[in-house]
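Q: I would like the atomic coordinates for the input below:
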Amino acid sequence: MDHARLERCRLDTVTSLVVMEFIGASTAVSTAASTAVSTLDSHTGNGALLAAECIAKHAPNVRSMVCAPWNVSAAFRQLASPLSLAYLKQLHTLIIPLAAPLLSDSQTASSLTTLHIHAHILAASGPGIVPAQQLQVLRVHDAPAFFSWEAFASTGDSDQLEFASLTALGIDFASDNVVTTADFYSSINRTKSSVHVTMGRDRRRVVFPKLHSLSVSKVPYTYAEAWRMFIGAPVRRLAVAGPYAHVRYVDTRLLRTLDSLDVHTVGAEKSSHGRFTSFVKMLLGEDSNVTCAWLRHSEAFPLSVPETVRWSQLTELCLAAYVPALALLLLVGQLPSLHRLVVQHIAGDACEEEIDGKMCAPWGNITAPAVPVSTSVRELQMHMGGGPTARIPTLQAMCYVLLCLPGVRRLAVKQVYCDYVRDFIRSSAQSHPALANIELVHHVFIAAKSPMFVLD
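A: Okay, the predicted model is just below:
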């Protein structure tokens, strides 16, 4: 370690260390971290510890340690572990994988407000090493179904563990294998009485009085009780991903407080398709104040709509499922506040009576309905889907949808297979003279990305 080089740098003002990795190279934003990493390959044993001590000595005021991307190399993890302990008491933000647990006899992470950590590192860390009271953002990576909340509990916690300041929580499970309530009770070796069922494993009641954003991926639980720990929390944004058979147990009472919902399911077998359709139909029939919704499945299949949709506040909707034009319009017609609509697997059904499937030109004689389906939609994005064999029916469906939404001012057509779609775009410009922006993307599927799996 080149101490002289570090001493020449003005590192006493450094408050943040950011580790970044690129293909074929590893760099660190700060001079201190860069110098340390360059020596790791020649060190064994205590090399990372010595490097961390040197950095902490010359940059004593670090309050934040962050890495991008999350899964950095083993060398960085070996450096990050002793470095995080050196700064443990003063760190506000720790978003970096560690190679070793947070173990300290003399201090806790009493200032930490933002933490991203692997579950196995958390489990091996000392009880109460990260007090729950001051945490504002928490993400647990690669969590087993029955991970422990013990690292956040202080000695005074008995019947209840309260995350008093937590506003954003993310849990990324390592596996979505089926977990039942019987598995839960078995994991804590207790009878059903006097036990609060939670995500993870804890005999206490875990509460989140200020939780606004909740993200859960690879959901393993097949019982609604796992979600009840969030009932009563002021959750405004919910993102959940996993097998349909597990996601369907989300407690629908959470919908009452939500602004944003992102449901992304996968189906292990064909029989799950119809059940997902029923699940979405059930969601849309629940009373909700959701304003932004992303409803997605890993495969394409027909999506049905309830007779009465109760999402009157919805302004943005993304559907990633096979949606026949008429079903889509039936849904949109019941969303009076809808402003932005994204359909990622739109496909035409030539049997639909309102769309003539025998026209020479796919847009030629299709006429708009006498009464528009919706005048509130201003932005429309459609992905053709269905492959080359669905070209003409898909264009017919897209054209018909657009004609039913005369308020559209921005139009995007993506995953385009056919050259004559340019004529469709020109025709759209004629039918919608107020169109301010038309975007056309050829031959490529660009999935719209939900912002809700990002904790902020």
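Q: switch to C-alpha atoms for all contacts and neighbour counts from now on
A: Will do.
Q: Any chance you could list what contacts whichever strand or helix holds residue 78?
A: Per DSSP states H and E, residue 78 falls inside helix 74-86. Under the criterion CA atoms under 8 Å, 6 or more residues apart in numbering, residues 37, 40-41, 48-49, 51-53, 55-56, 65, 91, 94, 96-104 lie in contact with helix 74-86.
Q: State the mean pLDDT of it.
A: Per-residue pLDDT over helix 74-86 has a mean of 84.
Q: Check stretch 48-56 too.
A: On average, stretch 48-56 scores 79.
Q: Distance-wise, check residue 171 relative to residue 239.
A: Using CA to CA, to the nearest Å, one gets 10 Å for the distance from residue 171 to residue 239.
Q: tell me, what's touching the two both at once?
A: Here residue 171 and residue 239 share the contacting residues 215, 216, 217, scored by CA under 8 Å, 6+ apart.
Q: who does the first one bridge with?
A: Beta-bridge pairing for residue 215 (DSSP bridges): residue 170, residue 239.
Q: any idea how far it is from residue 262?
A: Distance from residue 215 to residue 262, by CA to CA: 9 Å.
Q: The second one too?
A: Spatial separation of residue 216 from residue 262 under the definition CA to CA is 10 Å.
Q: And for the last one?
A: Between residue 217 and residue 262 the computed distance is 11 Å (CA to CA).
Q: what sits in contact with each of those two?
A: Here residue 217 and residue 262 share the contacting residues 239, 240, scored by CA under 8 Å, 6+ apart.
Q: just the helices in the stretch 301-450 of the chain please.
A: 325-332, 391-403, 421-431 (DSSP state H, counting those that start in this stretch).
Q: Out of these, flag the one nearest residue 304.
A: Residue 304 lies closest to helix 325-332 among the helices of the stretch 301-450 of the chain, at 6.5 Å (CA to CA).
Q: Could you list every helix and strand that that closest one packs against?
A: Judged by 3 or more CA pairs under 8 Å, 6 or more residues apart in numbering; DSSP states H and E, helix 325-332 is in contact with helix 391-403.
Q: 10 Å instead?
A: Counting contacts by 3 or more CA pairs under 10 Å, 6 or more residues apart in numbering; DSSP states H and E, helix 325-332 packs against strand 316-323, strand 340-346, helix 391-403.
Q: May I see those organised as a markdown table, with distance to residue 71, mean pLDDT and mean neighbour count added?
A: As requested, the helices and strands packed on helix 325-332 are arranged in a markdown table below (distance: least, CA to CA, whole Å; pLDDT from 0 to 100; neighbours: other CA atoms under 10 Å):
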| stretch | distance to residue 71 | mean pLDDT | mean neighbour count |
| --- | --- | --- | --- |
| strand 316-323 | 29 | 84 | 22 |
| strand 340-346 | 30 | 85 | 22 |
| helix 391-403 | 41 | 76 | 23 |
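Q: So which of the ones you listed is nearest residue 119?
A: When the helices and strands packed on helix 325-332 are compared by CA to CA, strand 316-323 sits nearest residue 119, at 31.3 Å.
Q: Perfect, I'm done here.
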